[in-house]
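In: Structure of the sequence below:
(chains A and B)
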Amino acid sequence: MPPDAVIDVRGLTFAYPGGPTALNGVSFQLAAGESVGLVGPNGAGKTTLFLCLSGVLPVKPGMARVAGLDPAVATDKRRLPTKVGIIFQNSDDQLFNTTVLDDVAFGPLNLGCQPEEVRKRVAEALARVGAEGLEQRVPQLLSGGEKRRVALAGVLAMHPEILLLDEPSMYLDPRGRRELIRLLPTLPGSRIVASHDLEMILETCQRTLILDQGRVVAQGQPRELLANAALMERHGLEVPYSLR
Amino acid sequence: MTLAVAFPVRLGAPLSRVDPRWKLAALVPVAAVAGMLQTLGAASAALIGAFVLAALARLPLRWYLDRIATLAAALALFLALLPFLDHGDEGRWTVGFLSLSPKGLTLAAVLLLKALTVTTVLLAAATTAPMQVHLKALHALGVPGLVVQLSALTLRYLAVVHAEFSRIRIALRVRGYRQRFTPASLRTVGHVTGMLLVRASDQSERVAQALRCRGFDGRFHALTQFQTSVWDVAFFLMVAGTATGLLYWDLLQR
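Out: As a prediction, this is how the structure comes out:
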């Protein structure tokens, strides 16, 4: 593992029970403070990779190290929520409390923080994503953009070292998407952004991985990689409009 | 979108100032006591007490009457039969070709009064604090955290399932579907129900993943801190005392 790598994945393989192989020998590293875009067609394995890295889906020992922890080791897996924050595709999946305040406080409370510390973290996280004033709102009545911000605040309140964002611009209107693009570079720590929104990847990521059929088929600078029409075509993608 | 389980919360009402723990500790047993009453006098007095609570809760009249009317209509189907049944009374009243039992009439009235009392008390309790505060108060009163968490998740995701159902209904309508009592229509209802269950199951799996990602270990933690005042204790003692008195009076009257 390179000295500054916060994620080191070597030959990660995963198959759903009775299903096809979702990840097939995936290898890559993520350096501290780096922002990496993860692109690929539907069913490429992006969400599965995130779930493996966050310890939700089981992996074999030695296949991945995340913030120095092995998701295959039970004691390490229990500590992963303090190190890795994941934003799901559908915000409704992760806004499970009855108010925004309770939802953002959920993670810090599970970490055993004292009420004063929890309140401080909630206020900081909501301010960071520009969602102050939403504390007493009910999650199901928020707009798509507000839900995304609150979901992000819920993860940031846990002070993770690594953020995994799964289709963060999905369900957002153009203004919400633009606000998200402005927000992403200001977030602390390292992050992987999985998205079909290649323009957003271009604007927010320093490196890009192309994942197809469970394999990392290419990686490099976003402007070079995403401009390669033959490569993009081969893996069910299109060159973003701004690079044509 | 408003669900049937959504309540108008009256935070300015006098009853909303009572600590939710003391309020639930007083009103839930009161509802249970109301359900145990057997005499017309005690049941009537209980309903008057419930109306006082409804006034203290500032229940919206129209909203309250809608719910009470629905309850009364549902109960009427059963209560209407009681006067015509044989309750072993000696003197039955005859009105034309109808023979009515005074005991049956009394029983129907007592049941109606008790149902109205229980509903009114619970509505007064439910509308004077947000649902999440009630859940935290229940946890503080000793209800297991897992039960509280599951209740909160159910409340939260009922709205999501309801929204999904609304989208499916629109999708059916725009493709020309109209609800009829035909085999094809019933089959469609079956398919939609199955699809909703499958989607809800998929979503519950994703919610479970999200819970684990945020360190959930099955325990319920809450940020809300409750504070007891002298007035909370006074309210509890007054309500509990009244309920005990009513129950005693009811026992004496039997």
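In: Low-confidence regions, chain A specifically.
Out: By pLDDT under 70, the weakly predicted segments of chain A are A:1-3.
In: tell me the contacts of residue 149?
Out: Looking at chain A here, since you left the chain open. A:129-131, A:134 (C-beta atoms under 8 Å, 6 or more residues apart in numbering or on different chains). Using the backbone N, CA and C atoms, a C-beta is placed for each residue, glycine as well.
In: right idea, wrong chain: chain B
Out: Going by C-beta under 8 Å, 6+ apart, B:Q149 touches B:218, B:220.
In: Tell me the pLDDT of it.
Out: B:Q149 carries a pLDDT score of 87 in this model.
In: C-terminal to the helix or strand containing it, what's the next element?
Out: When elements are assigned from DSSP states H and E, B:Q149 belongs to helix B:145-174. Tracing the chain past helix B:145-174, the next element assigned as helix or strand by DSSP H and E is helix B:183-213.
In: now check that next one, is it near chain A?
Out: Yes - if you take C-beta under 8 Å from any C-beta of the partner chain as the test, helix B:183-213 does meet chain A, through B:203, B:206-207, B:209-213.
In: and these, which are buried?
Out: With burial judged by 16 or more other C-beta atoms under 10 Å in any protein chain shown, the buried subset of those is B:203, B:206-207, B:209-213.
In: Now do the helix or strand that contains A:T13: which elements does it pack against?
Out: A:T13 is located in strand A:5-15, with elements delineated by DSSP H and E. If contacts are counted by 3 or more C-beta pairs under 8 Å, 6 or more residues apart in numbering or on different chains; DSSP states H and E, strand A:5-15 sits against strand A:21-31, helix A:46-53, strand A:64-66, strand A:190-194.
In: Format the ones you listed as CSV; extra columns: distance to B:L153 and mean neighbour count.
Out: Rendered in CSV, the data for the helices and strands packed on strand A:5-15 read as follows (distance: least, C-beta to C-beta, whole Å; neighbours: other C-beta atoms under 10 Å in any protein chain shown):
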stretch, distance to B:L153, mean neighbour count
strand A:21-31, 27, 19
helix A:46-53, 20, 24
strand A:64-66, 27, 23
strand A:190-194, 26, 25
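In: Chain B: which of these is closest?
Out: helix A:46-53 (6.5 Å; C-beta to the nearest C-beta).
In: So which elements touch that closest one?
Out: Helix A:46-53 packs on strand A:5-15, strand A:21-31, strand A:64-66, strand A:84-87, strand A:162-166, strand A:190-194, going by 3+ C-beta pairs under 8 Å, 6+ apart.
In: Give me the contacts around that helix.
Out: Here helix A:46-53 has contacts from A:7, A:9, A:12, A:14, A:16, A:22-23, A:26, A:38, A:40, A:57-59, A:64, A:66, A:71, A:84, A:86, A:89, A:164, A:166, A:192, A:194, A:211, A:214, B:209, using C-beta under 8 Å, 6+ apart.
In: May I see the helices and strands packed on helix A:46-53 organised as JSON lines, with distance to A:F50 added?
Out: Formatted as JSON lines, those follow (distance: least, C-beta to C-beta, whole Å):
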{"stretch": "strand A:5-15", "distance to A:F50": "11"}
{"stretch": "strand A:21-31", "distance to A:F50": "11"}
{"stretch": "strand A:64-66", "distance to A:F50": "11"}
{"stretch": "strand A:84-87", "distance to A:F50": "6"}
{"stretch": "strand A:162-166", "distance to A:F50": "5"}
{"stretch": "strand A:190-194", "distance to A:F50": "7"}
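In: and chain A, which of its residues are near chain B?
Out: So chain A meets chain B at A:51, A:54-56, A:81-82, A:84-86, A:88, A:90, A:92-99, A:101-102, A:105-107, A:109-111, A:115, A:118-119, A:139-141, A:154-155, A:158 (C-beta under 8 Å from any C-beta).
In: Buried among those? Make that a PyMOL selection.
Out: In PyMOL, this line selects whichever of the residues of chain A next to chain B come out buried by 16+ other C-beta under 10 Å:
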select buried, chain A and resi 51+54+55+56+81+82+84+85+86+88+90+92+93+94+95+96+97+98+99+101+102+105+106+107+109+110+111+118+139+140+154+155+158
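In: My read is that A:R207 contacts A:P222, right?
Out: Yes - A:R207 is within contact range of A:P222, at 7.1 Å (criterion: C-beta atoms under 8 Å).
In: any residues in contact with both of those two?
Out: Common neighbours of A:R207 and A:P222 (C-beta under 8 Å, 6+ apart) are A:G37.
In: quick one: contacts for A:L80?
Out: A:54-55, A:66-67, A:69, A:71.
In: And for A:P61?
Out: A:P61 touches A:70, A:72-73, counting by C-beta under 8 Å, 6+ apart.
In: Check the secondary structure at A:D102 for me.
Out: Each residue gets one of three states, and A:D102 gets helix by DSSP: H, G, I helix; E, B strand; the rest coil.
In: which residues touch it?
Out: B:132, B:222-223.
In: Please spell out the ChimeraX selection for the buried subset of the residues you listed.
Out: A single ChimeraX command selects the buried members of the contacts of A:D102 (16+ other C-beta under 10 Å):
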select /B:132,222,223
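In: Closest one to B:F78 out of the contacts of A:D102, please.
Out: B:Q132 (35.0 Å; C-beta to C-beta).
In: So that closest one sits against B:A152, correct?
Out: Yes - the pair B:Q132 and B:A152 passes the contact test of C-beta under 8 Å, sitting 6.7 Å apart.
In: Please enumerate the shared neighbours of those two.
Out: A:97-98.
In: Grab the nearest non-local neighbour of the residue in the stretch 1-150 of chain B positioned nearest to chain A.
Out: Nearest residue of the stretch 1-150 of chain B to chain A: B:Q132, at 3.8 Å (C-beta to the nearest C-beta). Of all residues not flanking B:Q132 in the chain, A:T98 sits nearest, at 3.8 Å (C-beta to C-beta, 6 or more residues apart in numbering or on different chains).
In: do you know how far that neighbour is from A:P174?
Out: Going from A:T98 to A:P174 by C-beta to C-beta, to the nearest Å gives 30 Å.
In: Same check on B:D202?
Out: Taken as C-beta to C-beta, the span from B:D202 to A:P174 is 29 Å.
In: So between those two, which is more surrounded?
Out: Neighbour count, other C-beta atoms under 10 Å in any protein chain shown: between B:D202 and A:P174, B:D202 has more, with 11 against 8.
In: do you know how far that one is from B:Q209?
Out: Taking C-beta to C-beta, one finds B:D202 at 11 Å from B:Q209.
In: The residue nearest to B:Q132 belongs to a helix, doesn't it?
Out: No - under three-state DSSP, A:T98 falls outside any helix and is assigned coil.
In: pretty sure it is in contact with B:L155, am I right?
Out: Yes - between A:T98 and B:L155 there is a contact at 6.4 Å, judged by C-beta under 8 Å.
In: joint contacts of the two?
Out: Joint contacts of A:T98 and B:L155 (C-beta under 8 Å, 6+ apart) are B:M131.
In: Mind jotting down where the helices sit in the chain?
Out: As the question left the chain open, I've gone with chain A. Applying DSSP state H to chain A gives helices spanning A:46-53, A:74-83, A:100-110, A:115-128, A:144-156, A:174-183, A:198-204, A:222-225, A:229-234.
In: let's do chain B instead
Out: Taking DSSP H as the test, the helices found in chain B are B:20-36, B:40-57, B:61-79, B:102-126, B:131-140, B:145-174, B:183-213, B:230-253.
In: Any idea how many residues pack against the residue nearest to B:Q227 when sequence neighbours are not counted?
Out: Setting aside the residues directly before and after it, B:Q227 is nearest to B:D19 in space (C-beta to C-beta, 6+ apart), at 6.7 Å. For B:D19, the count of nearby residues is 20 (other C-beta under 10 Å).
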